[in-house]
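*Asks:* generate a structure from the sequence data that follows.
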Amino acid sequence: MSPFIETIRIENGRIYNLPYHNRRMNETRRDVLHQTGTLDLSDYIHPGNYRERTKCRVEYGTEILKTDYAAYHIRPVSTLRLVAGDEAVYRYKSTDRSVLDRLFASRGAADDVLVVRKGWLTDTSICNIALWNGKQWITPSKPLLAGTKRASLLEQGEIATGDIRPDDLPAYSRIRLFNAMIEFGEIELPVDKIMF
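*Replies:* Have a look, this model is predicted:
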């Protein structure tokens with residue numbers, strides 16, 4: 001079994017969304033590894049030296065295995081290609097991204113893929129999504145990965161869940177891509193930049 005990971009944003013000496021990362025890590029440890037005790041990532045992450053946006057990558061199993069830090073730069077995305085990924089299962093964030101890498105490789109001239117699983121929109125290869133319907137931002141109710149930023153936005157009421165099929169896209173005007181490293185609104189494009 002591949003190790004699991006949490007990817008955590010650090011900036012100006014601050015750890016972002018730590019409670020959500022702790023929750024997901026401990027749920028994974030309980031559900032997959034049958035661990036009853038909890039770990040706290042703050043015992044393993046040392047954010048003080050990092051002023052610029054930094055990706056802290058924590059690998060874990062029953063215990064924390066490794067913690068790495070790297071400067072983070074947002075990869076520009078201006079086009080997406082819809083790809084079928086019925087086999088795509090990535091409920092638990094792990095180092096094994098082979099299914100996502102295969103889907104990403106089918107993007108053609110687009111910058112990233114938007115995975116359609118069993119007829120429903122899910123995520124891009126690295127981000128959760130939300131679409132603007134003129135009244136609110138809707139995120140797919142069945143993502144490939146329930147991201148920590150997504151959980152935070154849902155709890156704050158900034159986004160709501162809904163089921164979205166590719167045929168529903170004309171009802172939306174904008175799409176936002178976000179994750180633990182990318183703020184909600186930093187990547188936004190018109191829905192007509194999604195290629196079929």
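*Asks:* from residue 160, how far out is the residue nearest to residue 190 when sequence neighbours are not counted?
*Replies:* Leaving aside its chain neighbours, residue 190 sits nearest to residue 174 (6.2 Å; criterion: C-beta to C-beta, 6 or more residues apart in numbering). Yep, even glycine has a C-beta here, placed from its N, CA and C like the rest. As judged by C-beta to C-beta, to the nearest Å, residue 174 and residue 160 stand 15 Å apart.
*Asks:* follow-up on the earlier one: partners of the residue nearest to residue 190 in the sheet?
*Replies:* Following DSSP bridges, residue 174 is listed with bridge partners residue 132, residue 190.
*Asks:* also the one 4 residues further on?
*Replies:* Beta-bridge partners recorded for residue 178 (DSSP bridges): residue 128.
*Asks:* residues near it, how many?
*Replies:* With neighbours defined by other C-beta atoms under 10 Å, the count for residue 178 comes to 25.
*Asks:* do the same with residue 8
*Replies:* Using other C-beta under 10 Å as the criterion, the residues surrounding residue 8 number 26.
*Asks:* now do the one 3 residues further on
*Replies:* A total of 15 residues lie near residue 11 under the criterion other C-beta under 10 Å.
*Asks:* list the buried ones in stretch 122-140?
*Replies:* Going by neighbour count (16 or more other C-beta atoms under 10 Å), the buried part of stretch 122-140 is 122-133, 137-140.
*Asks:* just the buried positions in the helix ranked longest in the chain, please.
*Replies:* Longest helix in the chain by number of residues (criterion: DSSP state H): helix 18-33. Residues of helix 18-33 classed as buried under the neighbour-count rule (16+ other C-beta under 10 Å) are 18, 20-22, 24-26, 28-29.
*Asks:* so residue 154 is in which element?
*Replies:* Element membership for residue 154, per DSSP states H and E: helix 148-156.
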